[in-house]
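> How does the following fold in three dimensions:
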Amino acid sequence: MHEEIEIVTPERDEGNELVSRNTLRYIILGLLWAHPMSGYDIKQAFERALASYWNAGNSQIYTTLKHLSQAHLVESEIIVQTARPNRKVYRLTEAGEAELEHWLQEEVPARFTKDEFLTKLFFCGETSDEIALQHLHEHRESLRTQLAHMEWARQQYATRPARRPRLLEYQMLVREYKEAVLKAGLEVTERAIQRIEQEHKE
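Take a look at the predicted model:
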């Protein structure tokens, strides 16, 4: 008799996409709370500081900015430039600040992440060790890439004066947390690879 285990497999659903869009909305409000930014500036902030926690493409960013503008949570102005193309810069309105403050005070919902790598690994006992190793090696490379990006971002920020020390303090706390999670995942992955490769030698 085999024990039956129910696995929630990664799948796209409207609920998760809605949560994703809503979170992006508040991320952008948070970035604009720090200082006014253009859509390009926001994308750069994602690549420089947020890629390890949340990712968003240009279309998502500009669509969200449009919705925030329609909701009167942000406002924009055109900055005329002579040597470069004009810039459309967004800033928070009072309503936007209130919306962000309300979100920050809300409880964080229970998180049950959907992880396709772990789900596949769960069933790798039903396939060959070679396939399991392939997944583990790819996962190890992904973790190393993320850690390298975090180190790059740390160096980028180290050269900039802290205009908002308290904000920077919590941003560094998030990085510290994420880095610890990535390193722990890398350690477990390394051990799994070594164990499976050792079994093949014996």
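> so is the most centrally placed residue in the chain in a helix, a strand, or just coil?
In the chain, the residue lying closest to the centroid (CA atoms, centre = their mean) is Trp54, at 1.6 Å. Put simply, Trp54 is coil when judged by DSSP: H, G, I helix; E, B strand; the rest coil.
> wait, isn't it in contact with Phe46?
Yes. Counting by CB atoms under 8 Å, Trp54 touches Phe46, with 7.4 Å between them. (Glycine included, C-beta is placed from N, CA and C.)
> For Glu141, report the pLDDT, please.
At Glu141 the predicted local confidence, pLDDT, stands at 96.
> ok, which stretches of this structure are strands?
Assigned by DSSP state E, the chain shows strands spanning 37-38, 74-79, 87-92.
> how big is the angle separating the second one from strand 87-92?
Between strand 74-79 and strand 87-92, the angle comes out at 150 degrees (axes from the mean of the first three to the mean of the last three CA atoms, to 10 degrees).
> residues making contact with strand 74-79?
Contacts of strand 74-79 with the rest of the structure, by CB atoms under 8 Å, 6 or more residues apart in numbering, involve 28-29, 32, 65, 68-69, 86-93, 96.
> And it, what's buried?
Using 16 or more other CB atoms under 10 Å as the test for burial, strand 74-79 gives 74-76.
> before we move on, back to that, mean pLDDT and distance to Gln198 for the strands of the chain - can I get that in JSON lines?
Formatted as JSON lines, the strands of the chain follow (pLDDT from 0 to 100; distance: least, CB to CB, whole Å):
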{"stretch": "strand 37-38", "mean pLDDT": "95", "distance to Gln198": "51"}
{"stretch": "strand 74-79", "mean pLDDT": "94", "distance to Gln198": "56"}
{"stretch": "strand 87-92", "mean pLDDT": "94", "distance to Gln198": "55"}
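> List just the one of the ones you listed that sits closest to Tyr177.
strand 37-38 (24.9 Å; CB to CB).
> Give me the helices and strands touching that closest one, please.
strand 87-92 (3 or more CB pairs under 8 Å, 6 or more residues apart in numbering; DSSP states H and E).
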